[in-house]
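> quick one: sequence plus predicted model below, questions after.
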Amino acid sequence: ITSSGVSITARPGLTKPHPEVTIAVENRGPVIDPADLPHLFEPFFRGKNTDGVPGSGLGLYIVKSVMQSLGGSVTVSSSETAGTCFTLHIPAVQSGMEA
């Protein structure tokens with residue numbers, strides 16, 4: 001799905017031993033300052049480029065907490081040439097396997 005410069009893709013990653021589904025949310029807009037990347041998932045962290053943008057700095061912390069509660073994770077990459085991409089790594093159960 002692509003809309004307003006944001007692209008969302010979902011892919012199965014059914015390789016063993018840890019099958020997962022990945023959901024990537026990409027934005028070709030302003031990139032995240034490299035110095036901010038290690039702190040994005042900390043509670044109440046607000047990056048350098050957030051002036052005038054409302055928020056408490058809890059959104060990505062909550063995303064990370066939910067993903068961890070599911071046994072998954074979230075990763076981020078950001079560069080001037082590729083934009084910013086957040087990827088959710090959600091554990092999957094293959095058919096024929098018991099949960």
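Perfect, I can see it now. Residues are numbered from 1 along each chain as shown.
> drop to CA atoms for contacts and neighbour counts, all remaining ones
OK.
> residue ranges with poor pLDDT in the chain?
Residue ranges of the chain with pLDDT under 70: 1-3, 94-99.
> bridging residues for the residue nearest in space to the middle of it?
Against the mean C-alpha coordinate of the chain, by CA atoms, centre = their mean, the closest residue is Phe86 at 2.8 Å. Beta-bridge partners recorded for Phe86 (DSSP bridges): Val25, Val76.
> isn't it up against Val31?
No. In this structure, Phe86 is not within contact of Val31 by CA atoms under 8 Å, at 11.9 Å.
> my guess is Gln10 meets Val21, correct?
No Gln there; residue 10 is Ala. Yes. Using CA under 8 Å, Ala10 makes contact with Val21 at a distance of 7.0 Å.
> okay, the two: which has more neighbours?
Val21 (18 against 13; other CA atoms under 10 Å).
> for that one, helix, strand, or coil?
At Val21, secondary structure determined by DSSP: H, G, I helix; E, B strand; the rest coil is strand.
> just the endpoints, please. Distance across stretch 4-18?
End-to-end distance of stretch 4-18: 34 Å, with CA to CA, to the nearest Å as the criterion.
> tell me how far it is from the chain's mean position?
Relative to its chain's centre, stretch 4-18 lies at 11 Å (CA atoms, centre = their mean, to the nearest Å).
> from His18, how far off is Ala92?
Ala92 sits 8 Å away from His18, going by CA to CA.
> count the residues that sit near Cys85.
When neighbours are counted by other CA under 10 Å, Cys85 registers 20.
> equivalent analysis for the one 5 residues further on, please.
Around Ile90 sit 20 other residues, with neighbours defined as other CA under 10 Å.
> same check on Asn49?
Residues near Asn49, counting by other CA under 10 Å, number 12.
> helices and strands around the helix or strand that contains Ile62, which ones?
Secondary structure from DSSP states H and E places Ile62 in helix 59-69. Counting contacts by 3 or more CA pairs under 8 Å, 6 or more residues apart in numbering; DSSP states H and E, helix 59-69 packs against strand 73-79, strand 83-91.
> which residues touch that helix?
Contacts of helix 59-69 from elsewhere in the structure, counted by CA atoms under 8 Å, 6 or more residues apart in numbering, are 40-43, 73-74, 88-90.
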